[in-house]
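J.: structure for the following, please:
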Amino acid sequence: MSDVVVKIALIASIVLMGYNISEFSASFKTVSDKIGEFLNIAKENSASDSVLRLTNILSSCLLSIGYVVLVYFSDIVFWIVALVVVKLLLTLFVSDKFLIQVLRDGCLSKKGYLVLKFDALFNAVMGFAFAVILVL
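T.: Residues are numbered from 1 along each chain as shown. Below you'll find the predicted structure:
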């Protein structure tokens with residue numbers, strides 16, 4: 001089972017890295033356009049702020065828990081698993097604060113954009129580092 005888990009964790013790490021590299025390389029205009037589309041869809045569906053936040057938290061938590069479980073069952077030392085948990089909790093916090101700011105202001109701030117950039121960069125590095133650890 002461990003061999004299968006390691007392979008799935010490796011794929012998940014590469015996906016995590018690729019997605020976050022894509023997020024890191026997105027321009028301010030691209031992110032602003034995506035936020036505009038998101039707000040329009042939310043308005044069309046009459047989604048409340050609390051429902052949007054709950055959906056964001058649940059989806060992020062489920063993906064994070066899945067990744068942490070893969071990391072844990074890959075026979076990695078416990079302190080690395082703890083670092084992954086802390087980083088994913090920080091990402092969840094940043095994501096929620098960003099969503100609150102966007103829902104409140106209706107647009108993207110430069111500060112929020114930079115925070116998202118750094119978070120995506122650190123997530124990409126984490127995905128890369130874990131993939132390297134799994135391969136070695």
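J.: now do the contacts for the spatially closest residue to residue 110 that is not a sequence neighbour.
T.: Nearest residue to residue 110, sequence neighbours excluded (CB to CB, 6 or more residues apart in numbering): residue 28, at 7.5 Å. Backbone N, C-alpha and C define where each C-beta goes, glycine included. Shown in contact with residue 28 (CB atoms under 8 Å, 6 or more residues apart in numbering): 108, 110, 113.
J.: and those, which of them are buried?
T.: 108, 113 (16 or more other CB atoms under 10 Å).
J.: from the contacts of residue 28, which is closest to residue 18?
T.: residue 113 (20.5 Å; CB to CB).
J.: check which helices and strands the longest helix seen in the chain sits against.
T.: In the chain, taking DSSP state H as the definition, the longest helix is helix 78-105. With contacts taken as 3 or more CB pairs under 8 Å, 6 or more residues apart in numbering; DSSP states H and E, helix 78-105 sits against helix 28-44, helix 49-72, helix 110-135.
J.: residue 60 contacts residue 94, correct?
T.: No - if you go by CB atoms under 8 Å, residue 60 and residue 94 don't touch, sitting 10.1 Å apart.
J.: now the residue sitting nearest the centre point of the chain: closest residue in space that isn't a chain neighbour?
T.: Taking CA atoms, centre = their mean, the centroid of the chain lies closest to residue 91, which sits 5.9 Å from it. Closest residue to residue 91 apart from its sequence neighbours, by CB to CB, 6+ apart: residue 119 at 5.7 Å.
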